[in-house]
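> Here's my sequence, what's the structure:
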Amino acid sequence: MKKAFLVSALATCFFAVAMVGKGFAGGTADEAKALVEKAIIYVNANGTDKSIEIFNNPQGEFVIGDLYIFMFDLSGVVLAHGTNPKLIGKNMHELKDADGKLFVQEFEEKVKSGGGWVDYQWTNPETKKVQPKSSYVKGIEGMDYYVGCGIYK
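Okay, the predicted model is just below:
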């Protein structure tokens, strides 16, 4: 438990320093991955229901600049989305990116193999243009859920 607290505290400090230092133009791969790790620690410490509530709060600690946590079950149903509450409860298993890639299915496969990065094309809400995006996804041990966080490249 001490290790989990230390990792969470370090991740929080990392974000605070990173965001202040650069005026936050966009999250980095390291920041997205750290936010996912922090979210997993949070779920393990606080349970699923409280975590979903916190992840869905756009002013909460899991929404930082353009980084936010999303949480899906392994069938593709959105449990939490830090910036788009309209997606909660929807099954996104068949969702395709701008090039027709079934990227949510790729999330699921990546999670089953231990987690990692998935690349796809998505509309950036800031620029309103389709851009390359990459999301880091990772399963929560002992649960049929996973969390993720994406960055625009």
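
> Next, the buried residues of the helix or strand where Asp119 lies.
According to DSSP states H and E, Asp119 maps onto strand 116-123. When burial is assessed from 16 or more other CB atoms under 10 Å, strand 116-123 yields the following buried residues: 118, 120, 122. Bear in mind the C-beta positions are built from the backbone N, C-alpha and C, glycine included.

> How about stretch 52-69?
Across stretch 52-69, burial judged by 16+ other CB under 10 Å covers 52, 54-56, 62-64, 66-69.

> per-residue confidence at the residue nearest to Asn124 when sequence neighbours are not counted?
Nearest in space to Asn124, with sequence neighbours left out and distances taken as CB to CB, 6 or more residues apart in numbering, is Gln131 at 4.7 Å. According to the prediction, Gln131 has pLDDT 97.

> rewinding a little: direction included, what does the strand holding Asp119 pair up with?
Note on strand 116-123: by DSSP bridges, its sheet partners are strand 130-139 (antiparallel).

> what's the angle from the helix or strand following the partner strand to strand 116-123?
Per DSSP H and E, strand 130-139 leads on to strand 145-152 as the next helix or strand towards the C-terminus. Taking axes from the mean of the first three to the mean of the last three CA atoms, to 10 degrees, one finds strand 145-152 and strand 116-123 inclined to each other by 50 degrees.

> Does anything pack onto strand 145-152? Which helices or strands?
Strand 145-152 makes packing contacts with helix 29-46, strand 67-68, strand 70-73, helix 103-112, strand 130-139 when contacts are defined by 3 or more CB pairs under 8 Å, 6 or more residues apart in numbering; DSSP states H and E.

> Remind me what the shortest one packs against, helices and strands.
Strand 67-68 is packed against helix 29-46, strand 145-152, with contacts defined by 3+ CB pairs under 8 Å, 6+ apart.
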